[in-house]
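fold the following for me, if possible:
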Amino acid sequence: MADLAAQQGLSPRTFRNKGLHRAEGHPDPISSDSARTLLWDSEQTSAFYAGDPVPALTEADDDEDLLDRHEAAAVLGVTASSWNVYKNTPALAEHAVPVEGVDHWPRRVVRAYKAARPGSGAGGGRRTGSGDMVPRDQILPRIAELLDENPAITLTEVADTLGIAKFPTAQAGLAQVRGRRMADLIEADPGLSPQQAAEQLGYPPITHRGASVIAEAELHARRSHPYLQQIADALADAGVAVPTQVEVRHPKSGHLTAAIKLVAAQTVPALVWDERYGWRTATNRLHPIGKDTGAPPEGAGIRYIGSGIRPEPAELLEALDDESKGSGHPAA
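Residues are numbered from 1 along each chain as shown. The predicted model follows:
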């Protein structure tokens, strides 16, 4: 949308508010229906704004088509939340293509990953007891694959199949993946209790308690995501932040945090939100959140801005424009 706005000599916010992307005859976005960041085909939009006939898109699937997380999840037959686990496996992660801050994957890569998943044919699976050592970043995706095959899989079976420690690695991984999937069900049907979600998924009763804790934490994070994404989109539309899909983190402290990277022209590299303290500036672009010491971060370059825990975007934009606003300490 920022590119479309620039073609019309408008700011992204003005372009969006005027609804120019919804004008009669305007090309539809090519991003998936569930995508938060809308994307258009440049040939179609260029033709539309030039007053020329808009060329049709190719309908046939191509191996080089770039799929967002919703489209990739549909290819695998899993939810978008489950894809967030799968995408970290090297077979997918090394092929991620960022487009306007949103990761995409070539269709051929997703198809190849699907074909190689356990149970997908010769060579696809790993026999129990194989003892293969799995890199840490592949553990959750592998556990997710094992759960696809057997929701009641035991800690011993996971540990033996993946060649990982039973405690705490297999135990924690199973609880995390089960909890996320329970959260998917509850999010789709808020009337479900965690226990009912676990029963629907076929999880053994002994696993319900640990997975329920994970599910409740996951749901807590998801409830904050719409607000944080609204802030990220507003800052990006105003040209002060890098377009991104916000990742809500739930560290061991139990308090949610998130970060939004700002453009190079800003005097600080990022903004950080903490559900205990609200918004603050950060001094490190690569690791803006930093370690949780139990106390609010303070010092040079750190300024708490906005009133309350969830201020409106306009208030944050005003504070970024005026460095006299805010404080070196969070509000009481």
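
and this protein, what are its domains?
Per the record, the chain has its domains at 2-50, 119-229, 238-321, by automatic domain parsing.

could I get the ones you listed as CSV with mean pLDDT, distance to Ala331 and mean neighbour count?
Quick note: C-beta positions are derived from backbone N, CA and C, even for glycine. Output for the domains of the chain, formatted as CSV (pLDDT from 0 to 100; distance: least, CB to CB, whole Å; neighbours: other CB atoms under 10 Å):
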stretch, mean pLDDT, distance to Ala331, mean neighbour count
domain 2-50, 89, 28, 15
domain 119-229, 85, 18, 17
domain 238-321, 92, 7, 16
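
turn those into TSV, columns for distance to Glu59.
Output for those, formatted as TSV (distance: least, CB to CB, whole Å):
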stretch	distance to Glu59
domain 2-50	12
domain 119-229	27
domain 238-321	27
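
Glu64 is nearest to which of the ones you listed?
Nearest to Glu64 among those is domain 2-50 (14.1 Å), distances taken as CB to CB.

first-to-last residue distance for that closest one?
Start-to-end span of domain 2-50 (CA to CA, to the nearest Å) is 18 Å.

and what of stretch 291-311?
24 Å.

what residues does stretch 6-24 touch?
With contact meaning CB atoms under 8 Å, 6 or more residues apart in numbering, stretch 6-24 is reached by 1-2, 4-5, 26, 29, 38, 40, 45, 49, 234, 236-239.

apply 6 Å and report the result again.
Stretch 6-24 is contacted by residues 1-2, 5, 49, 237 when judged by CB atoms under 6 Å, 6 or more residues apart in numbering.

output those as CSV; include the columns secondary structure.
Formatted as CSV, the contacts of stretch 6-24 follow (DSSP: H, G, I helix; E, B strand; the rest coil):
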residue, secondary structure
Met1, coil
Ala2, helix
Ala5, helix
Tyr49, helix
Asp237, helix
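
closest one to Arg303 out of the residues you listed, please.
Arg303 lies nearest to Asp237 out of the contacts of stretch 6-24, by CB to CB, at 22.4 Å.

ok, which stretches of the stretch 1-150 of the chain are helices?
2-7, 12-18, 42-50, 69-76, 80-86, 90-93, 107-116, 136-149 (DSSP state H, counting those that start in this stretch).

returning to that earlier point: nearest to Val75, out of the domains of the chain?
Closest approach to Val75 among those (CB to CB): domain 2-50, 11.6 Å.

pLDDT score for the residue lying closest to Pro313 once chain neighbours are set aside?
Computed as CB to CB, 6 or more residues apart in numbering, the closest residue to Pro313 that is not its neighbour in sequence is Ala234, at 3.5 Å. You'll see Ala234 listed with a pLDDT of 92.
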